[in-house]
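**Student:** just the structure for this:
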Amino acid sequence: MITIHLRRWLLAGLVAGAAWLTGCANQPMRLALTEMGTTSDSEYGLFSLRLQRGVTITGLAAEETVGTITSDSDKFSIVEQFKRIWPTRNDLPDSMTPRLANGPDSEIRVRRFASDATIDDLMALRDLLQDAQQQLSLAAQTQLKAAVLRQARSSLSKEEALADELPVRVSTRLATLYPEGSWKTTADLGSAIDAADQLAKLDVPGSVLDRIRQVLRKKGVIVTQWQGDLSVNANVDSAVGSAGIERSRSVGGYLILGEPQVHTLYLGDDIPPRILCQRRDAKGQPACIGEAFEARRQYLTIYQLRARHVVYAEAARSATRAGVRLKLDELAKAATAAGFGLNPQTIEALKLDVEAGYAALQSAGTSGVLDAGSVNPQDNAGLSVYTLAALETSDELKTLLKHSIPVINMRIALRERMAEKFGR
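**Tutor:** Numbering: from 1, shown residues only. The predicted structure follows:
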C-alpha cells in the first residue's frame, strides 16, 4: 500500500514539475499580422520532388523574386515523410510545374495586365464586401426575430390579444430575448413585427451585391477568399505576476489585388551553376553559404504572383457563414427556453436563406476582369521576356519589382537532384 501511494505521489510530482517547467518557459510573442500574413506548405510531386507554396495576405512577407533561393526552417516531420512515399495522386496547381527554356539561358517571363482601377476603388470594394457580410448576418437575425415575435403573438389568448397591455409572462420573456425593445403593450409587439418585416423587404444584401458588381467591372482587379488557422501564444508579465495566453481560431476574409503581374522562371542550363556550389576553400571543400543548409530543403522560386495594390480584410467571426448559422441556433434555443419555440422547418428555411445569400456573395466577390492590353507600345500591359541576369541589370524589371508586392510564390527543391545528376 505504501509503495502504491509513493508511486502516485511520484507521478503527481513529475506531472506538476513538467507543468511548472512548461509554464515558466518563455514563449515567443507572435503577432497576428505575421501569423496571418505568411504561410508556406511543402508538398511532394513525382519522384519525391519537393515543392513549396508561399502565400502572403498582408504583403509584409520577406521580399522575393523568381530565381530567389530560399531554405525551409521547419523541423523534421514524420507526417511529411509519409506524404513523400504515399502512393496516392496529388493534383498540384499548374503554376508549380517547372518550365524549361528553349535555349541554354534561363528566362523570366512577366505578364502584366491593364487596369483602370485605383486604390480607392479597391478599398471601397473591401468595405462593400465586409458590409455585405454584416448585412447578411443582420437580415438573418431580423427574419428570425420576426418569426419569434409572431410566435409570441400567437401565444396570446383572444382576451389578451384585445387588451392594451401585454401579459407579464409575455413582456418579461420578450424583454429577456430582446432587451433593446419596448414590450409593454400589444401595439409595441405589432410595431416590432411590422418593423422587422419592412427591414427584411429592403433586401439590403442584394443592393450591396449590385454595388460590388459595379466595382468589379473595372479591369485589372482580382478578388478571392482566403482561409487559415491563426495561433497566437504569448507571455504577459506584469507587477502582479505572469500569465500565459494561447489562442487558436480559424480566420478568413477577402484578398483584393489591383494591377496583378505573373512572373514565371523558365529554367535553362545556367541554373545548375547557380544552385550548386562552385567555389572551394583551401582544402578543396565547398565554400558557399548554401552549404550551411540542408540540400533538400533549399528551394528555387519558379513562379510568382505580384500586384501593385494589395487590399485585404479579415471577416468578423459573427459575420461568417458558420458564425451566422451558429447565431441562429443560439437565438432559436433562447426563444424555445422563453416559451416561443419555432418550428424546426422555419429554422432550416432561414439557414437555407443564409446559404443562398453567402453563395450569391461568393459568386459576386470571387471574380475579376483581366485585360492583356493593346498593341500600343505605350500600353504597360502585355508579356515581357528578360534574362535571369536582368534581375540585376534591367531598370525596367527593377521598376516592376519595386512597385509591386509578392502575393504567391511557388518554389521547387532542385539542389539535391542536381547534385545527384551533375555532382558538386
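**Student:** could you identify the longest helix within this structure?
**Tutor:** Longest helix of the chain, by residue count under DSSP state H: helix 119-154.
**Student:** so after that helix, what's the next helix or strand?
**Tutor:** helix 158-162 (DSSP states H and E).
**Student:** give the buried residues for that next one.
**Tutor:** Within helix 158-162, no residue counts as buried by 16 or more other CB atoms under 10 Å. For every residue, glycine as well, the C-beta is placed using N, CA and C.
**Student:** neighbours of E392, how many?
**Tutor:** A count of nearby residues for E392, using other CB atoms under 10 Å, gives 8.
**Student:** tell me which element T264 falls in.
**Tutor:** Per DSSP H and E: strand 241-267 holds T264.
**Student:** pLDDT on that strand, on average?
**Tutor:** Strand 241-267 shows an average pLDDT of 72 in the prediction.
**Student:** counting contacts, what elements does the helix or strand following it pack onto?
**Tutor:** As assigned by DSSP H and E, the chain's next helix or strand after strand 241-267 is helix 271-275. Counting contacts by 3 or more CB pairs under 8 Å, 6 or more residues apart in numbering; DSSP states H and E, helix 271-275 is packed against strand 298-314, helix 415-422.
**Student:** buried stuff in helix 271-275?
**Tutor:** Neighbour count says helix 271-275 has 271-272, 274-275 buried, by 16+ other CB under 10 Å.
**Student:** and stretch 362-374, by the same measure?
**Tutor:** Neighbour count says stretch 362-374 has 364-365, 368-369, 373 buried, by 16+ other CB under 10 Å.
**Student:** need those residues in TSV (columns: secondary structure, distance to N102 and pLDDT).
**Tutor:** Formatted as TSV, these follow (DSSP: H, G, I helix; E, B strand; the rest coil; distance: CB to CB, whole Å; pLDDT from 0 to 100):
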residue	secondary structure	distance to N102	pLDDT
A364	helix	42	71
G365	helix	40	68
G368	strand	31	76
V369	strand	32	81
G373	coil	24	76
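**Student:** these into TSV, with extra columns for distance to Y312?
**Tutor:** Listed next are those as TSV, based on distance: CB to CB, whole Å:
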residue	distance to Y312
A364	18
G365	13
G368	15
V369	20
G373	26
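**Student:** between the residues you listed, which is nearest R213?
**Tutor:** A364 (5.6 Å; CB to CB).
**Student:** now do the strands in the stretch 1-150 of the chain.
**Tutor:** Under the criterion DSSP state E, counting those that start in this stretch, the stretch 1-150 of the chain contains strands at 38-44, 50-56, 69-71, 99-100, 107-112.
**Student:** show me what the longest helix of the chain is packed up against.
**Tutor:** Packed next to helix 119-154, using 3+ CB pairs under 8 Å, 6+ apart, are helix 168-177, helix 186-201, helix 204-215, strand 221-238, strand 241-267, strand 298-314, helix 321-337, helix 344-365.
**Student:** quick one: least confident helix or strand in this protein?
**Tutor:** Ranked by mean pLDDT, DSSP states H and E, the weakest helix or strand in the chain is helix 2-24, scoring a mean of 46.
**Student:** quick one: contacts for the closest residue to G258 other than its chain neighbours?
**Tutor:** Closest residue to G258 apart from its sequence neighbours, by CB to CB, 6 or more residues apart in numbering: H309 at 3.4 Å. By CB atoms under 8 Å, 6 or more residues apart in numbering, the contact list for H309 reads 119, 122, 256-259.
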